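Colleague: can you look at this prediction? I've put the sequence above it.
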Amino acid sequence: MRKIIQAASAILAMTAGSIVLLGYFLPFDLPWLETIRGMILQWVIILTAVAILVGIANLIRVHVNKIVARKPGYGFNVILLLSLVITVILSGYYGPTAPAARWIYQFVQIPVEVSLMALLAVILVFSGGRLLSRRPGVPSLVFIFTAFLCLVGVAAWPDLPVDLYQFRTWILQVPAVAGARGLLLGIALGSIAVGIRVLIGLEKPYQG
């Protein structure tokens, strides 16, 4: 019975993926194909929403267990759950554009993100030092020099022959964008490879 269910899951996943994939290559003068494809995409959206709800429920369960067990630092778990409940109530009742929801975003979410970015800058400098000590060489020096210029270029430095801000902007717009596009291309190729493996039945992430 288990093998039958696994085979049916594989056939269902392969069929649904093939229909959605064909919808991007075949002309849209096939109404039945477009209808089935749209229905499958709507099911995917619903399943994604359900997965998010399951993730939130699991998050609540984990933190409630820590609070009940009085584990060290459980006060932070209480703060997280209270923040979650307050945000959901205010955003759900008044809407995401209401003054209360915007206040949470402006005075809670943004400061947290800024703090994380500042922490990321410290970790970047520390990682650069460790990289230079473990793997000394030209690539390590280029990495540290580039990171240093990007961090220093944020501030205003008067009476300098070189405009660090413009140089930092060039780094962010040319080499950084090229590296980011390379990463996106790699992610796209990897996603295509995994999708093909799912369609032909070599990968079965939908089976437990």
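Modeller: Sure, I can see it.
Colleague: can you pull out the strands in this protein?
Modeller: For the chain, strands defined by DSSP state E do not occur.
Colleague: where exactly do the helices run in it?
Modeller: Ranges of helices in the chain, per DSSP state H, are 2-25, 31-68, 74-94, 99-104, 110-134, 138-152, 164-173, 175-199.
Colleague: got those helices as a markdown table, with mean neighbour count and mean pLDDT columns?
Modeller: All C-beta spots, glycine's among them, are computed from the backbone N, C-alpha and C. A markdown table is the format used below for the helices of the chain (neighbours: other Cβ atoms under 10 Å; pLDDT from 0 to 100):
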| stretch | mean neighbour count | mean pLDDT |
| --- | --- | --- |
| helix 2-25 | 13 | 74 |
| helix 31-68 | 12 | 87 |
| helix 74-94 | 13 | 86 |
| helix 99-104 | 14 | 84 |
| helix 110-134 | 11 | 81 |
| helix 138-152 | 14 | 73 |
| helix 164-173 | 14 | 72 |
| helix 175-199 | 11 | 81 |
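Colleague: my guess is residue 94 contacts residue 101. True?
Modeller: Yes: using Cβ atoms under 8 Å, residue 94 is in contact with residue 101, at 6.4 Å.
Colleague: anything in contact with each of those two?
Modeller: Jointly contacting residue 94 and residue 101 under the rule Cβ atoms under 8 Å, 6 or more residues apart in numbering is no residue at all.
Colleague: list the contacts of residue 53.
Modeller: Not one residue lies near residue 53 by Cβ under 8 Å, 6+ apart.
Colleague: state the distance from it to residue 63.
Modeller: Separation of residue 53 from residue 63 (Cβ to Cβ, to the nearest Å) stands at 16 Å.
Colleague: same thing with residue 171?
Modeller: 41 Å.
Colleague: do the same with residue 17
Modeller: Note on residue 17: its distance to residue 63, by Cβ to Cβ, is 36 Å.
Colleague: residue 110 too?
Modeller: For residue 110, the distance to residue 63 - Cβ to Cβ - is 23 Å.
Colleague: ok, now residue 98?
Modeller: Taking Cβ to Cβ, one finds residue 98 at 26 Å from residue 63.
Colleague: what of residue 24?
Modeller: 41 Å.
Colleague: now do the contacts for residue 40.
Modeller: Applying Cβ under 8 Å, 6+ apart, the residues near residue 40 are 16, 19, 20.
Colleague: and the second one, what does it touch?
Modeller: By Cβ under 8 Å, 6+ apart, the residues touching residue 19 are 33, 36, 37, 40.
Colleague: widest-spaced pair of these?
Modeller: Spatial extent of the contacts of residue 19 (Cβ to Cβ) is set by the pair 33 and 40 at 10.7 Å.
Colleague: now do stretch 106-113: distance to the chain's middle.
Modeller: 18 Å (Cα atoms, centre = their mean, to the nearest Å).
Colleague: swap in stretch 178-187?
Modeller: 15 Å.
Colleague: CA atoms only: put that stretch into CSV for me.
Modeller: The C-alpha coordinates for stretch 178-187 follow below in CSV (Å, rounded to 0.1, in the frame of the first residue of the first chain):
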residue,chain,number,x,y,z
ALA,A,178,28.0,41.0,-11.2
GLY,A,179,28.5,38.7,-8.2
ALA,A,180,24.9,38.8,-7.2
ARG,A,181,23.8,38.0,-10.8
GLY,A,182,26.2,35.1,-10.8
LEU,A,183,24.7,33.8,-7.6
LEU,A,184,21.2,34.2,-9.1
LEU,A,185,22.2,32.3,-12.2
GLY,A,186,23.6,29.5,-10.1
ILE,A,187,20.4,29.4,-8.0
